[in-house]
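Student: model this:
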Amino acid sequence: QNPTYKEQALEEFKKEHYDEAIALLQKGLQLDSTDSETYYYLGFFNHYRAYDSRPLSGYDFSYSTQIFNYLDQAITLNPNYGDAKYFYGAECSANAFWAMQNYDLGKLKYYYSLANQKGAYPEWLKEFGRNMLKSCASNGILFTGGNADFDICTYLQLHENFRTDITIIPIGNIDRPW
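Tutor: So this is what the prediction gives:
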């Protein structure tokens, strides 16, 4: 039995052949434009084509628009598609980091709000963030290990005014000059 375009794309992705994987998924969409998983993988794979913890050479924001479009379609077709919501949050995070780097508070707030609206920050994650922030002494510093904990704590500070006395430092990005 011949593997489907999606199965072939997953194999290409494992080999880090992102462009080939994306092309196979786009062929699969021509056969079935109602498959939420294909849209999810298109968003996911395009995200990895654009980033490796920071935008790759040649990146422009058209990638982000395309990623959001694919993930929006996945969520529209399957509102409970948790992985699509997670990667929507990851894409918002990438844009939020760009906004931080460029000192653009408006866009920073926008992308964290968008992630929340799309369901990337479920209630359990917000509670996790609140607990992390609550554990800090007044005017303390919270070192976070990755984007998920940094993003949710920043969202809580910016949109719920929760523990705004805490400075959050993402260890994984401490080598960034900005």
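
Student: if I pick residue 145, what's in contact with it?
Tutor: Counting by CB atoms under 8 Å, 6 or more residues apart in numbering, residue 145 makes contact with 170, 171, 172. Placement of C-beta: from N, CA and C, glycine included.

Student: the second one: how many residues sit nearby?
Tutor: Burial measure for residue 171: 12 neighbouring residues, criterion other CB atoms under 10 Å.

Student: and the pLDDT for residue 58?
Tutor: On pLDDT, residue 58 comes in at 60.

Student: strands of this structure, residue ranges please.
Tutor: 141-144, 167-170 (DSSP state E).

Student: just the pLDDT at the residue nearest the centre of the chain, thanks.
Tutor: Taking CA atoms, centre = their mean, the centroid of the chain lies closest to residue 90, which sits 0.9 Å from it. Confidence at residue 90, expressed as pLDDT, is 89.

Student: next one: it from residue 43, what distance?
Tutor: Distance, residue 90 to residue 43, by CB to CB, to the nearest Å: 9 Å.

Student: now residue 134
Tutor: As judged by CB to CB, residue 134 and residue 43 stand 33 Å apart.

Student: between the two, who's got more neighbours?
Tutor: residue 43 (25 against 10).

Student: the more buried one: what's it in contact with?
Tutor: Here residue 43 is in contact with 67, 68, 70, 71, 74, 84, 87, 88, 91 (CB under 8 Å, 6+ apart).

Student: closest one of these to residue 162?
Tutor: Residue 162 lies nearest to residue 88 out of the contacts of residue 43, by CB to CB, at 22.2 Å.

Student: which among the contacts of residue 145 gets closest to residue 1?
Tutor: Looking across the contacts of residue 145 and measuring by CB to CB, the closest to residue 1 is residue 172, at 42.2 Å.

Student: hang on, residue 156 packs against residue 164?
Tutor: No - using CB atoms under 8 Å, residue 156 is not in contact with residue 164, being 9.1 Å away.

Student: in this protein, which helix has the most residues?
Tutor: Ranked by residue count and defined by DSSP state H, the top helix of the chain is helix 82-101.

Student: and that helix, C-alpha only, in CSV?
Tutor: C-alpha atoms of helix 82-101 as CSV (Å, rounded to 0.1, in the frame of the first residue of the first chain):
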residue,chain,number,x,y,z
GLY,A,82,-4.9,21.0,21.1
ASP,A,83,-1.7,20.8,19.1
ALA,A,84,-2.9,23.4,16.6
LYS,A,85,-3.7,25.7,19.6
TYR,A,86,-0.2,25.0,21.1
PHE,A,87,1.5,25.9,17.8
TYR,A,88,-0.7,29.0,17.5
GLY,A,89,0.7,30.0,20.8
ALA,A,90,4.2,29.2,19.7
GLU,A,91,3.8,31.4,16.6
CYS,A,92,2.4,34.2,18.8
SER,A,93,5.3,33.8,21.1
ALA,A,94,7.8,34.2,18.2
ASN,A,95,6.0,37.4,17.2
ALA,A,96,5.9,38.6,20.8
PHE,A,97,9.7,38.1,21.1
TRP,A,98,10.2,40.2,18.0
ALA,A,99,8.0,42.9,19.6
MET,A,100,10.1,42.7,22.7
GLN,A,101,13.3,43.0,20.7
